[in-house]
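Enquirer: mind looking at a prediction? Sequence and model below.
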Amino acid sequence: MQIDWNKNPLIPAIAQDHESNEVLMLAYMNEEAYKLTLSTGYAHYFSRSKQRIWKKGESSNHTQEVKDVLLDCDADTVILKIKQNGVACHTGRKSCFFTSVMQDKIVLDQEVDTDAIYGVVDTLYHTILERKNAPEEAKSWTKKLLDDKALMLSKIREEADEVCVAINEESDEQVIYESADLLYHTLVGLGYREISPDRVKQELARRFGMSGIVEKEGRKK
């Protein structure tokens with residue numbers, strides 16, 4: 001049985017511990033990710049937020065060694081029987097399935113420092129997404145910004161102006177402080193649109209070594 005990639009360009013891929021059978025995460029594969037998984041023996045996925053192929057553990061080194069691949073009866077979903085090196089979840093937990101709806105609580109503790117393995121920007125972005133999906137009664141500044149687009153946009157403009165003022169006439173420490181404020185509020189804006197900061201990194205990488213004048217002229221075409 002073969003996957004019809006024309007009919008199903010993206011398929012769910014469930015990562016399951018090959019010894020305990022614990023379900024660790026759900027992601028998606030396109031044909032390229034599927035073939036890379038089979039050829040390398042390590043799980044590769046297609047990230048809908050990053051809009052690119054990613055090898056699980058490419059930044060954290062928490063890779064998934066594939067022991068077997070099981071295809072379902074409709075040939076549109078796969079189970080990867082894997083050996084998980086480190087943890088599976090970006091929150092630092094062993095499994096992505098750590099919230100009990102029935103018990104209304106977190107049932108798995110964080111095992112690793114996510115700032116250390118993913119970087120503070122990516123960790124902060126995922127925290128913002130968690131606030132976005134929090135219940136209405138949850139109170140935080142991030143949640144307030146996400147629920148009030150006009151306020152969010154005004155804060156981004158305000159913080160950008162404060163960075164300009166700091167660069168022009170204030171101390172290095174104040175420039176750093178105001179830049180951190182601007183970065184946070186910009187990440188909230190990215191979270192509002194659900195645009196991963198990885199896509200911004202990809203755009204910067206695309207421009208690397210390119211003249212700014214050439215890049216701007218290319219936008220007009």
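Expert: Great, that's in hand.

Enquirer: and residue 32, how close does it get to residue 9?
Expert: The gap separating residue 32 from residue 9 is 11 Å, by CB to CB, to the nearest Å. In this view, the C-beta of every residue, glycine as well, is placed from N, C-alpha and C.

Enquirer: any shared contact partners between the two?
Expert: Counting by CB atoms under 8 Å, 6 or more residues apart in numbering, residue 32 and residue 9 have no shared contacts at all.

Enquirer: how close does the residue lying farthest from the centre of the chain sit to residue 175?
Expert: Taking CA atoms, centre = their mean, the residue of the chain most remote from its mean C-alpha position is residue 169, at 36.3 Å. Residue 169 sits 10 Å away from residue 175, going by CB to CB.

Enquirer: equivalent analysis for residue 13, please.
Expert: 44 Å.

Enquirer: higher neighbour count, those two?
Expert: residue 13 (22 against 16; other CB atoms under 10 Å).

Enquirer: list phi and psi for the more buried one.
Expert: phi -130, psi 120 (degrees, to the nearest 10).

Enquirer: name the residues that touch the strand or helix carrying residue 121?
Expert: Counting by DSSP states H and E, the element that carries residue 121 is helix 120-132. With CB under 8 Å, 6+ apart as the test, helix 120-132 has contacts from 59, 90-91, 114-115, 138, 140, 142-143, 146, 183-184, 187-188, 190-192, 194, 196-198.

Enquirer: in that helix, what's buried?
Expert: In terms of neighbour count (16 or more other CB atoms under 10 Å), helix 120-132 has its buried residues at 121, 122, 123, 124, 125, 126, 127, 128, 129, 131, 132.

Enquirer: next one: it to chain centre, how far?
Expert: 9 Å (CA atoms, centre = their mean, to the nearest Å).

Enquirer: helices along the chain, start to end?
Expert: Here the chain has its helices, by DSSP state H, at 31-40, 114-118, 120-132, 141-147, 149-169, 172-193, 197-207, 212-219.

Enquirer: among those, which comes closest to residue 75?
Expert: Among the helices of the chain, helix 31-40 comes nearest to residue 75, with 11.5 Å by CB to CB.

Enquirer: then the closest one to CSV, C-alphas only?
Expert: Taking Å, rounded to 0.1, in the frame of the first residue of the first chain, the C-alpha atoms of helix 31-40 are listed here in CSV:
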residue,chain,number,x,y,z
GLU,A,31,6.4,13.4,0.8
GLU,A,32,9.8,14.9,1.2
ALA,A,33,9.7,14.5,5.0
TYR,A,34,8.5,10.9,4.7
LYS,A,35,11.3,10.0,2.3
LEU,A,36,13.9,11.7,4.5
THR,A,37,12.6,9.8,7.5
LEU,A,38,12.9,6.4,5.7
SER,A,39,16.3,7.2,4.2
THR,A,40,18.0,8.6,7.3
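
Enquirer: noted, bye for now.
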